[in-house]
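Asker: based on what follows, work out the 3D shape:
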Amino acid sequence: MYPMQINLKFDDDAYKNSLKVPQCKISDFNLGSMRFKWNEENKIRSEYFSKTYPDKKIIDIELCHSKKVLMIKDENDLENISKEHILADGIITKNTNFVPVVTVADCMSIFIFDDKSNSFGVVHSGWKGTGISVEAINLILQNNPQSKIDTLHFILGPHIKNCCYQIDEERKNYFSKNFTPECITETNGKIFLSLEKANLHLLEKLGIPKNHIVCYSECTCCSKIDDEEYSLKENFKYGSFRRQHVLEGNDFNVMAASISM
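Answerer: Okay, the predicted model is just below:
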């Protein structure tokens, strides 16, 4: 049986520079929807996390498609976001008892690790949130004087790629102006966006070493499982808003992107 989660790894330098490197996971399509809302119960999600992280505390947040990132230091911070039903799109912590989680479905999950302070976290970066990694970087550097740009490591997780991500002229102009024209391609009168190139341009402009950035090449909209023994009805690997909802008119399988020490 195909595993119900995809494991992602940081770059080689992360493992050379630190005795312990976070584990990063994304739940796969056939596990079902991992959607989180403060006023909803999701039994599939609860069961998944109780089995995957039986001895840790999950940091849940409801997304708001922003560039807001939370620094969660202790139990008081954790209780506060739950009590206040805080909305955000990213979580950073150094607490090894905590597991930061965001949800994605074509948007990019960006995993972050600082090998000096052992800060780690994950952010949800859709087109509106492109640039959210800057907020995460600032939080880490402001709270950890020993940390530097070149001690940070990134994973740009699977997301909708420019093979499938067709956009309009307005969004094309926005990304060309605010990021780089290289993230735009035009084919047969259609415009396509590369979130990967936009985020790479941003991180490299900030001074993040290229070899500290791992990019996963799979497209959440069209990547399938290459496994002859895989017997479930669907052979798509990832949940996709564009494929399932926009094109097919169905509910879509939101995936959970989690990081733990």
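
Asker: quick one: which helix or strand includes the most centrally placed residue in the chain?
Answerer: A centroid search over the chain (C-alpha atoms, centre = their mean) returns S109, at 1.2 Å, as the residue closest to the centre. Using DSSP states H and E, S109 falls within strand 108-114.

Asker: and the next element down the chain from that strand?
Answerer: Strand 108-114 is succeeded, C-terminally, by strand 120-125 (DSSP H and E).

Asker: for that next one, packing partners?
Answerer: strand 90-93, strand 98-104, strand 108-114, helix 132-143, strand 255-260 (3 or more C-beta pairs under 8 Å, 6 or more residues apart in numbering; DSSP states H and E). The way it works is simple: take the backbone N, C-alpha and C, and place the C-beta from them, glycine included.

Asker: turn the ones you listed into TSV, columns for distance to I59 and mean pLDDT.
Answerer: Output for those, formatted as TSV (distance: least, C-beta to C-beta, whole Å; pLDDT from 0 to 100):
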stretch	distance to I59	mean pLDDT
strand 90-93	5	98
strand 98-104	5	97
strand 108-114	14	97
helix 132-143	14	96
strand 255-260	9	96
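
Asker: how about those, which one is nearest K9?
Answerer: strand 108-114 (9.8 Å; C-beta to C-beta).

Asker: that closest one: how far from the chain's middle?
Answerer: 6 Å (C-alpha atoms, centre = their mean, to the nearest Å).

Asker: and that strand, which strands flank it?
Answerer: Paired neighbours of strand 108-114 in the sheet (DSSP bridges): strand 120-125 (antiparallel), strand 152-156 (antiparallel).

Asker: what residues does the helix or strand bottoming out on mean pLDDT in the chain touch?
Answerer: Least confident helix or strand of the chain, by mean pLDDT, DSSP states H and E, is strand 5-8 with a mean of 90. Residues outside strand 5-8 that contact it (C-beta atoms under 8 Å, 6 or more residues apart in numbering): 23-28, 31, 52, 111, 155, 157-158, 214, 216, 237.

Asker: sorry, back to before: among the strands paired with strand 108-114, which is the most enclosed?
Answerer: strand 120-125 (a mean of 28; mean count of other C-beta atoms under 10 Å).

Asker: CA atoms only: put it into CSV for me.
Answerer: What follows is strand 120-125, C-alpha atoms only, in CSV (Å, rounded to 0.1, in the frame of the first residue of the first chain):
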residue,chain,number,x,y,z
PHE,A,120,11.7,25.6,12.5
GLY,A,121,8.4,26.1,10.9
VAL,A,122,6.1,26.0,7.8
VAL,A,123,4.2,28.7,5.9
HIS,A,124,1.3,28.6,3.4
SER,A,125,2.2,30.5,0.3
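
Asker: next, the angle strand 98-104 makes with that strand.
Answerer: Using axes from the mean of the first three to the mean of the last three C-alpha atoms, to 10 degrees, the inter-axis angle of strand 120-125 relative to strand 98-104 is 20 degrees.

Asker: tell me the gap between strand 120-125 and the middle of its chain.
Answerer: For strand 120-125, the distance to the chain centre is 5 Å (C-alpha atoms, centre = their mean).

Asker: let me know the angle separating it from helix 132-143.
Answerer: Using the same axes, to 10 degrees, strand 120-125 lies at 150 degrees relative to helix 132-143.

Asker: which outside residues touch strand 120-125?
Answerer: 22, 24, 63, 65, 69, 89-94, 100-104, 107-114, 129, 131-133, 135-136, 195, 199, 257-259, 261.
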